[in-house]
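Engineer: Build the 3D model from these lines:
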Amino acid sequence: MVPLPLEEAQVTEKDPDTGKIHTLPSLHPKRREDRCFVTYKPPPQSDDPALEEEFLDRANFIADDLDWLLSLPHDKFWCQIIFDETLHNCLESYLRFSPRNFDERSPSKPAMMDVQNRIHHSVFLTFLRMSTYKESKDNFFTPSAFGEIIYNNFLFDVPKILDLCVLYGKGNSLLLQKMIGNIFTQQPSYYNDLNETVPTILQVLDTILNKFGLCTENATEVPQKLGSRPRISLNSISEQELQDMLFYLCDTSTTLFAFLDVFPNASNTLQKHDFLLRLASFYELAVPELENTLKKRKFEDKSLQHDLWKRLSHSKKKIIEISHIIINYTCLQPILENSSEKIQTFVEDFLQTFTALLHEKRFLVNYDELFPIVEDISLLQQASPVLDETRTSYIIHAVESAWQMVGKRKASALPAKTKQYTQSVNKAEANKQTEAAVQEQYQTEVDNECLGATAACVTGVELDSLISQVKDLLPELGEGFILACLEEYNYSTEQVINNILEDRLAPSLQTLDWSLPRQVKEEKPSPLSRRCNVYDGDEFDVFSRDTVDTSRIWKGRKKGEDAKSLLNDKSHISQLKGRYEQYSIVVEEVPVQPEEEGGSRFYRDDYEDEYDDTYDSNQVGANDADSDDELISRRPFTIPLVLRNGERDVRQDEDEEEEEVDEQTKKEDGLRRDYFVQDPAVLRERAEARRAAQYARKGHRFDNSSVVGNTKGQGQSKETLLERRRKEANKSLRGNHNRRTMADRKRNKGMIPS
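Structural biologist: Sure thing, here's the model as predicted:
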């Protein structure tokens with residue numbers, strides 16, 4: 001007997017009320033077991049025994065019920081899943097309130113940890129079984145019916161999928177990829193739900209910005225009055241509100257990263273809403289404000305400040321990684337998977353994406369720190385031979401400019417940091433430090449690694465304050481050495497002082513001189529000192545003189561003057577009169593006095609006007625090349641027959657024939673040079689006759705019909721194609737020759753006025 005899918009199968013059961021045997025579908029509400037599942041509550045944060053006992057009792061009930069549920073056969077399991085509302089509430093409550101990896105309310109006692117891990121495991125197995133439509137050859141759904149069941153009964157939705165990814169994505173990524181991939185494959189409607197969820201995620205980011213008094217360009221389309229939304233200082237909000245905001249941001253970024261890490265196919269859906277640009281804009285606006293607030297605000301509890309800074313650093317890193325996943329899946333991965341003919345679209349998307357992100361300086365620097373953009377562009381250059389080098393160089397230069405504007409220097413690569421950590425741990429073991437000290441150092445290194453490029457850059461007065469704090473305790477240290485230590489340890493004065501006192505400095509700092517002075521920055525000269533202008537030093541240059549004759553300066557037309565008086569003013573003529581008087585003296589003969597020294601010797605020889613016949617024997621212009629006298633014109637140079645090769649150069653013969661035809665044409669046209677316009681029909685006949693004579697001498701029969709061919713669209717014969725190819729190859733034999741002759745012919749035809 002061929003097994004039927006569960007949605008079509010039927011079972012025969014005995015009615016407990018009437019005792020009659022009746023047939024029911026396998027999925028029927030009457031087949032559900034009466035069992036009440038309690039909702040989940042998170043572990044208590046206090047050490048109250050009553051609260052701990054209540055949590056243990058509730059957790060044990062949930063764990064036992066889930067174990068019973070997983071032991072049911074296939075049909076009973078799905079009846080309970082579909083028709084038991086208390087089971088839905090139990091599973092949803094665990095996904096909502098279960099502690100995340102970055103939460104502080106994780107159970108600390110062994111009994112609570114054991115029951116928590118038991119529930120965690122059972123919930124995951126329950127959802128894993130719910131996402132499988134075929135358990136065996138006898139127990140299965142059809143894929144279409146399975147998709148309808150899980151979608152219509154709300155067994156899975158986008159919030160549940162996000163919570164599953166953040167709870168189980170770290171250790172069960174492969175199973176989650178299969179689970180979520182199967183859900184989206186069997187029911188494509190989840191893509192529509194995800195598309196409707198993206199605006200909600202963007203609204204979360206806008207809510208955070210609005211809380212801080214910031215607003216993105218795409219947050220609202222309604223014009224607002226200037227000054228209607230005053231800028232809110234983060235120092236004015238309470239610590240609880242700031243803490244809730246950072247917890248909210250940390251949870252959102254971590255959940256979204258976990259979902260994209262497990263199911264990167266969702267990147268295309270996110271990009272339909274320009275998610276990457278909105279996320280980068282949020283990063284550029286919110287991150288500097290939060291960093292400044294955490295650094296400047298005075299917290300009563302320093303541990304709270306440290307925890308909030310860790311969460312902010314964690315959120316920044318997750319936002320950068322989310323952006324990388326989207327870029328990698330939508331642009332880079334298709335370039336590696338497709339052939340060279342299909343990658344141009346993805347290359348263009350990559351270039352347009354980064355071109356749009358260039359104005360987000362801080363985001364661009366932090367992204368380049370974790371995922372170097374130069375490497376991605378190098379990949380594009382290898383994959384695409386027609387990549388626009390101008391655009392890629394523009395992006396690279398913009399990234400380098402962003403580093404300079406932010407005021408950071410590129411950090412060393414990850415292997416160097418790992419090596420540094422290994423060396424410090426080995427040194428700690430050599431000094432026999434306690435395990436707690438090693439764990440604290442490791443945690444510090446992990447924090448610095450999470451910060452990466454998102455670490456704040458301290459400059460100006462704040463940097464001087466940090467240097468003075470260290471110098472007050474260790475006055476023998478130089479400011480240059482202290483500055484290098486602060487840059488190495490992320491501007492943490494406590495860590496710098498502790499490592500100096502315990503002699504646990506990084507290898508890069510051990511070689512420095514402890515008395516190293518601080519380098520003084522050279523002040524740039526004032527722009528006025530380097531000013532260069534054509535008006536420098538004149539009577540109105542206020543930069544070179546203190547007093548200026550203001551009577552010679554006026555605005556518009558000078559007062560007291562009109563056009564008539566201005567034209568009648570001839571004062572400039574008297575100024576030029578002396579100069580022109582020197583040109584008014586004209587004499588025909590310069591008198592020379594005998595007593596002038598050398599005068600008689602200079603004018604001793606008189607002028608001779610005798611005719612000079614030195615060059616009369618030369619015939620000037622008689623032998624010019626353009627003369628019509630053929631007796632005295634120079635013959636062109638030709639190689640004698642005895643010196644030529646055995647086979648005469650055919651090309652030379654053709655050139656000589658062409659020259660003969662051109663000379664004949666020139667003579668004929670010379671006779672008619674006085675004509676203004678000739679009959680075009682006669683000219684065409686003569687040209688055709690000359691062309692036919694030339695082809696006849698060459699032994700070539702010219703057939704214009706072969707070149708013309710048939711009408712366009714009807715196909716061409718092989719002979720036509722050959723003639724066209726021969727014409728194309730030989731059309732430049734006489735190109736650029738006989739310019740003067742052709743110009744005369746054109747003039748005789750009346751095309752150029754003579």
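Engineer: Please count neighbours and contacts with C-alpha atoms only from this point.
Structural biologist: OK.
Engineer: Just give me the longest helix of the protein.
Structural biologist: In the chain, assigned by DSSP state H, the helix with the most residues is helix 302-327.
Engineer: got a list of contacts for the helix or strand that comes right after that one?
Structural biologist: With elements assigned by DSSP states H and E, the helix or strand that comes after helix 302-327 is helix 333-337. The contact list for helix 333-337 (Cα atoms under 8 Å, 6 or more residues apart in numbering) reads 343, 346-347, 380, 383.
Engineer: same thing with stretch 351-367?
Structural biologist: With Cα under 8 Å, 6+ apart as the test, stretch 351-367 has contacts from 277, 280-281, 283-284, 320, 324, 391-392, 395, 398-399, 402-403, 405-406, 452-454.
Engineer: Which of the residues you listed are buried? Put it as a ChimeraX command.
Structural biologist: Command for ChimeraX that selects the buried part of the contacts of stretch 351-367, burial taken from 16 or more other Cα atoms under 10 Å:
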select :277,280,281,283,284,320,324,392,395,398,399,402,403,452,453,454
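Engineer: how far is the longest helix of the chain from where the chain is centred?
Structural biologist: The chain centroid and the centroid of helix 302-327 are separated by 22 Å, computed with Cα atoms, centre = their mean, to the nearest Å.
Engineer: Pull out the buried positions in it.
Structural biologist: Residues 305, 308-327 are the ones in helix 302-327 that count as buried (16+ other Cα under 10 Å).
Engineer: And stretch 367-384, by the same measure?
Structural biologist: Neighbour counts over stretch 367-384 (16+ other Cα under 10 Å) mark 367-370, 373, 377, 380-381, 383-384 as buried.
Engineer: ok now it, how far from the chain's centre?
Structural biologist: Distance, stretch centre to chain centre, for stretch 367-384: 10 Å (Cα atoms, centre = their mean).
Engineer: before we move on, the earlier item: can you flag which of the buried residues of stretch 367-384 belong to helices?
Structural biologist: 367-370, 373, 377, 380-381, 383.
Engineer: A strand includes residue 23, no?
Structural biologist: Yes - counting by DSSP: H, G, I helix; E, B strand; the rest coil, residue 23 is found in a strand.
Engineer: How many residues are close by it?
Structural biologist: By the measure other Cα atoms under 10 Å, the count of residues near residue 23 is 11.
Engineer: With residue 157 instead?
Structural biologist: 15.
Engineer: Now for it: which residues touch it?
Structural biologist: With contact set as Cα under 8 Å, 6+ apart, residue 157 has these partners: 151, 190, 193.
Engineer: and the residues you listed, which are buried?
Structural biologist: Neighbour-count burial (16+ other Cα under 10 Å) applied to these gives 151, 190.
Engineer: ok, so of the contacts of residue 157, who is nearest residue 484?
Structural biologist: residue 193 (52.0 Å; Cα to Cα).
Engineer: next SSE after the host helix or strand of that closest one?
Structural biologist: Using DSSP H and E, residue 193 falls within helix 189-211. Once the chain leaves helix 189-211, the next helix or strand it forms, by DSSP H and E, is helix 239-262.
Engineer: helices and strands around that following helix, which ones?
Structural biologist: helix 158-168, helix 173-186, helix 302-327 (3 or more Cα pairs under 8 Å, 6 or more residues apart in numbering; DSSP states H and E).
Engineer: Give me the mean pLDDT for the helix or strand following that helix.
Structural biologist: Proceeding N to C from helix 239-262, the next assigned helix or strand is helix 266-271, under DSSP H and E. Regarding helix 266-271, the rounded mean pLDDT is 93.
Engineer: With stretch 359-371 instead?
Structural biologist: Across stretch 359-371, the average pLDDT comes to 91.
Engineer: Quick one: distance of that stretch to the chain centre.
Structural biologist: Centroid displacement of stretch 359-371 relative to its chain, using Cα atoms, centre = their mean, is 10 Å.
Engineer: what do you get for stretch 344-364?
Structural biologist: That offset, for stretch 344-364, works out to 2 Å (Cα atoms, centre = their mean).
Engineer: Alpha carbons only: can I get that stretch in PDB?
Structural biologist: Extracted in PDB, the C-alpha atoms of stretch 344-364 (Å, rounded to 0.1, in the frame of the first residue of the first chain):
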ATOM      1  CA  GLN A 344      29.300  43.800 -15.500                       C
ATOM      2  CA  THR A 345      25.900  44.500 -13.700                       C
ATOM      3  CA  PHE A 346      27.300  43.400 -10.400                       C
ATOM      4  CA  VAL A 347      30.500  45.400 -10.900                       C
ATOM      5  CA  GLU A 348      28.500  48.500 -11.600                       C
ATOM      6  CA  ASP A 349      26.400  47.900  -8.500                       C
ATOM      7  CA  PHE A 350      29.500  47.700  -6.400                       C
ATOM      8  CA  LEU A 351      30.900  50.900  -7.800                       C
ATOM      9  CA  GLN A 352      27.600  52.800  -7.400                       C
ATOM     10  CA  THR A 353      27.200  51.500  -3.800                       C
ATOM     11  CA  PHE A 354      30.600  52.800  -2.700                       C
ATOM     12  CA  THR A 355      30.300  56.000  -4.600                       C
ATOM     13  CA  ALA A 356      27.100  56.700  -2.700                       C
ATOM     14  CA  LEU A 357      28.800  55.900   0.600                       C
ATOM     15  CA  LEU A 358      31.800  58.200   0.100                       C
ATOM     16  CA  HIS A 359      30.300  61.100   2.100                       C
ATOM     17  CA  GLU A 360      29.900  58.800   5.200                       C
ATOM     18  CA  LYS A 361      33.500  59.300   6.300                       C
ATOM     19  CA  ARG A 362      33.500  57.600   9.700                       C
ATOM     20  CA  PHE A 363      31.500  54.600   8.300                       C
ATOM     21  CA  LEU A 364      33.800  54.300   5.400                       C
END
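Engineer: List the buried residues in that stretch.
Structural biologist: For stretch 344-364, the neighbour count (16+ other Cα under 10 Å) marks 344, 346-347, 349-351, 353-354, 357-364 as buried.
Engineer: What of stretch 240-260?
Structural biologist: Within stretch 240-260, the residues that qualify as buried are 242-243, 245-247, 249-260, counting by 16+ other Cα under 10 Å.
Engineer: still on that earlier bit, dump the buried residues of stretch 367-384 to JSON lines, plus distance to residue 9.
Structural biologist: Formatted as JSON lines, the buried residues of stretch 367-384 follow (distance: Cα to Cα, whole Å):
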{"residue": "367", "distance to residue 9": "55"}
{"residue": "368", "distance to residue 9": "58"}
{"residue": "369", "distance to residue 9": "58"}
{"residue": "370", "distance to residue 9": "55"}
{"residue": "373", "distance to residue 9": "57"}
{"residue": "377", "distance to residue 9": "57"}
{"residue": "380", "distance to residue 9": "55"}
{"residue": "381", "distance to residue 9": "58"}
{"residue": "383", "distance to residue 9": "54"}
{"residue": "384", "distance to residue 9": "56"}
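Engineer: Could you let me know which of those ends up closest to residue 338?
Structural biologist: Taking Cα to Cα as the measure, residue 338 lies nearest residue 383 of those, at 9.9 Å.
Engineer: Any regions of the stretch 601-750 of the chain where pLDDT drops low?
Structural biologist: In the prediction, the stretch 601-750 of the chain carries residues with pLDDT under 70 at positions 601-637, 641-642, 644-677, 699-705, 731-740.
Engineer: Nice, that's everything, thank you.
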